[in-house]
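In: Pasting a predicted model and its sequence here:
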Amino acid sequence: MRLLRSLDNLPADLRRGAVSIGNFDGVHRGHATLVERLLAKAREVGGPAIVFTFDPHPVRLLRPEAAPPPLTWTDRKAQLLDELGVAAVIAYPTDEDLLNLSPEGFFERIIRQQLEARGMVEGPNFYFGRSRAGNIDTLAQLCERASVSLEVVQSTTIDGQIVSSSRVREAIAAGDVDLARQLLTRPYRVRGMVTHGAGRGAKIGFPTANIEAIDTLLPAQGVYAASACTLAGNWPAAINIGPNPTFGENALKVEVHLIDFAGSLYGQPLEVDFLSRLRSIQPFESVAALKSQLTRDIAAARQIAAAEPAEDEEE
């Protein structure tokens, strides 16, 4: 799979295929269904399966105050789409020129001239062009005139509710990473840089990596079972998001205890997959009581992480 950030000099083997356009934030089960149909459409037209997305999300330029926190960064999004089988992801730079294109202008320039698409796959709530003036009916008319084969894929539902990035975002914001796992194709992941903390964890026998500069939605305060992805490999982990009330600290922190890990991670990037919520943040009457609870948290996190298949083992 290739990640491209421009349509200039697009390779010939990425033209004349099937295209799906959207934000694909989080790459959830609905996106997976869309990509499944995209792959079928690509086989039908005899070309590559291409996902065209935007970087940044158009709302960040049009209405930054209303822009939702992202669920994935671009490279991670491309990785997840690669696992679903697409040939390339085009993370097109969102700028005023692009946003000012009419639906007809967008279709002519992007879809026909630059991608030379012969097939398209979209959901029923697809909008495009300046001020989102074009909808799925507009696209159907343009595709028919241009002899581009269009398939409209109905929304995916789980437990009777539509799977959407908004629904995933609501689950994560509430700390329900278990529900998020059901909706996403992979456990929810955040990334950050390891920085120096107060060192209290190490002093009581539970060293933690403090991570900052997280650029995606952070789950609600709580303690979570997780898997930590370091430069040296993957480790089961327990994550504390919130303050340290036992020590009278109110500042929100993201502290990751890598189970059985020995070494320093300062200054390194760290990615963590949230597997399950263990409990809420709470104060303890003593350090001994806190240590007892942390021992139980780590045992639970170890067990949950052990049952989690590696990314290359999942279908």
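Out: Alright, I've got the coordinates. Numbers count the residues shown, from 1 in each chain.
In: domains of the protein?
Out: What automatic domain parsing lists as the domains of the chain is 2-158, 188-313.
In: Hmm, I21 is touching V121, no?
Out: No - with contact defined as Cβ atoms under 8 Å, I21 does not count as touching V121 (9.3 Å). Bear in mind the C-beta positions are built from the backbone N, C-alpha and C, glycine included.
In: about what we covered before: and the domains of the chain, which one averages the lowest pLDDT?
Out: Lowest mean pLDDT within the domains of the chain: domain 188-313, at a mean of 91.
In: how many other residues sit next to I110?
Out: As a burial measure, I110 scores 20 neighbours (other Cβ atoms under 10 Å).
In: again but with L218, I slipped
Out: 15.
In: Next: the one 3 residues further on.
Out: By the other Cβ under 10 Å criterion, the neighbourhood of Q221 contains 13 residues.
In: Could you find the closest non-adjacent residue to it?
Out: The shortest distance from Q221 to any non-neighbouring residue, by Cβ to Cβ, 6 or more residues apart in numbering, is to G242 (3.6 Å).
In: hey, where'd the helices end up in this protein?
Out: Assigned by DSSP state H, the chain shows helices spanning 29-45, 58-62, 74-84, 96-99, 103-106, 136-146, 165-173, 177-183, 200-203, 287-306.
In: chain center to the third one: distance?
Out: Averaging C-alpha coordinates over helix 74-84 and over its chain gives two centres that are 9 Å apart (Cα atoms, centre = their mean, to the nearest Å).
In: picking that back up, please identify which of I21 and V121 sits among more neighbours.
Out: Using other Cβ under 10 Å, the more surrounded residue of I21 and V121 is V121, with 27 against 23.
In: tell me the contacts of the more buried one?
Out: V121 makes contacts with 18-20, 34, 37-38, 41, 150-151, 153, as judged by Cβ atoms under 8 Å, 6 or more residues apart in numbering.
In: go again using 6 Å as the cut-off
Out: 20, 37-38, 41, 151 (Cβ atoms under 6 Å, 6 or more residues apart in numbering).
In: Show me the beta-bridge partners of it.
Out: For V121, the beta-bridge partners under DSSP bridges are E151.
In: Use 48 as the first number from now on
Out: Sure thing, new numbering starts at 48, so read that last one as V168.
In: quick one: it from G73, how far?
Out: Applying Cβ to Cβ, to the nearest Å, the value for V168 to G73 is 18 Å.
In: R236: what's its closest spatial neighbour, skipping adjacent residues?
Out: Nearest non-adjacent residue to R236, counting by Cβ to Cβ, 6+ apart: D320, 5.0 Å away.
In: Report the separation between that neighbour and A227.
Out: 11 Å.
In: now R238
Out: The spacing between R238 and A227, counted by Cβ to Cβ, is 16 Å.
In: ok, how many other residues are close to the residue nearest to R236?
Out: 23.
In: Can you name the residues that contact it?
Out: By Cβ under 6 Å, 6+ apart, the neighbours of D320 are 234, 236, 273-274.
In: Please tell me how far it sits from R52.
Out: For D320 relative to R52 (Cβ to Cβ), the value is 26 Å.
In: just to revisit the earlier point, what's across from the residue nearest to Q268 in the sheet?
Out: K300.
In: Please look at it and V270 and confirm they touch.
Out: No - if you go by Cβ atoms under 6 Å, G289 and V270 don't touch, sitting 8.4 Å apart.
In: Neighbour count: the two, which is higher?
Out: V270 (24 against 19).
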